[in-house]
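Colleague: fold the following.
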Amino acid sequence: MGEHGPYKAGVAGSSPAPPTILLKQSGSRPCASQHAGTVRAMQTTIRMRTRKKAEVVDLTRQVADAVSGSGVDEGMCTGIVGHATAAIVINENADPGFRLDLVAALDKLFPEGGWEHDKVDDNGAAHLKAAVLGPPEAVPIRDGVRQ
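Modeller: This is a model prediction of the structure:
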């Protein structure tokens, strides 16, 4: 992955509270003994406020900064969205049209209105979009760099 890596947070719908994206990183370093080791873990929270009801926000730089500042040489970087109407998506970032395509495709699959959940808080489509995309994503860290 290059400078414009694949980290994106796809916000599937609006909510009263802005989605919070949690970045959790953990890794281990080998030691001389086969039976003992040091495990390091850290957690960083990336907070953002979206501007639209549905949009894709590029988090590549924020994730790369969190990984490089973590001190973890080998391990996993796991992104978790702390809201039921948002998701994290990993995809290429070379074409800015992808963001629009993702929102348009989700809108076609899950149009607004008519969902049972709309009877609760009128955002059934947003919950369905996020559920299909899935909340967590994980990528390996090698030599202190996300892969």
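Colleague: now Ala94: which helix or strand?
Modeller: Assigned by DSSP states H and E, Ala94 falls within no helix or strand.
Colleague: and it, how many neighbours?
Modeller: For Ala94, the count of nearby residues is 10 (other C-beta atoms under 10 Å). Yep, even glycine has a C-beta here, placed from its N, CA and C like the rest.
Colleague: model confidence for it, exactly?
Modeller: Predicted confidence (pLDDT) for Ala94: 83.
Colleague: separation between it and Thr60?
Modeller: According to C-beta to C-beta, to the nearest Å, Ala94 stands 12 Å off from Thr60.
Colleague: what kind of secondary structure is the residue most central in space within the chain in?
Modeller: Closest to where the C-alpha atoms of the chain average out (C-alpha atoms, centre = their mean) is Ile88, at 2.9 Å. With DSSP: H, G, I helix; E, B strand; the rest coil as the basis, the three-state label of Ile88 is strand.
Colleague: need the longest helix for the protein.
Modeller: Ranked by residue count, the top helix of the chain under DSSP state H comes out as helix 97-109.
Colleague: which neighbouring elements make contact with that helix?
Modeller: Here helix 97-109 touches strand 7-11, strand 55-58, helix 124-133, going by 3 or more C-beta pairs under 8 Å, 6 or more residues apart in numbering; DSSP states H and E.
Colleague: repeat that for 7 Å
Modeller: Judged by 3 or more C-beta pairs under 7 Å, 6 or more residues apart in numbering; DSSP states H and E, helix 97-109 is in contact with strand 55-58.
Colleague: what is the subsequent helix or strand relative to the strand it packs on?
Modeller: Once the chain leaves strand 55-58, the next helix or strand it forms, by DSSP H and E, is helix 60-68.
Colleague: and that next one, C-alpha only, in CSV?
Modeller: Output of helix 60-68 as CSV, limited to C-alpha atoms (Å, rounded to 0.1, in the frame of the first residue of the first chain):
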residue,chain,number,x,y,z
THR,A,60,-5.4,6.6,5.6
ARG,A,61,-3.2,9.4,7.1
GLN,A,62,-4.8,9.2,10.6
VAL,A,63,-4.3,5.4,10.6
ALA,A,64,-0.7,5.6,9.3
ASP,A,65,0.1,8.2,12.0
ALA,A,66,-1.4,6.1,14.7
VAL,A,67,0.5,3.0,13.6
SER,A,68,3.8,4.8,13.3
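Colleague: cool, thanks, signing off.
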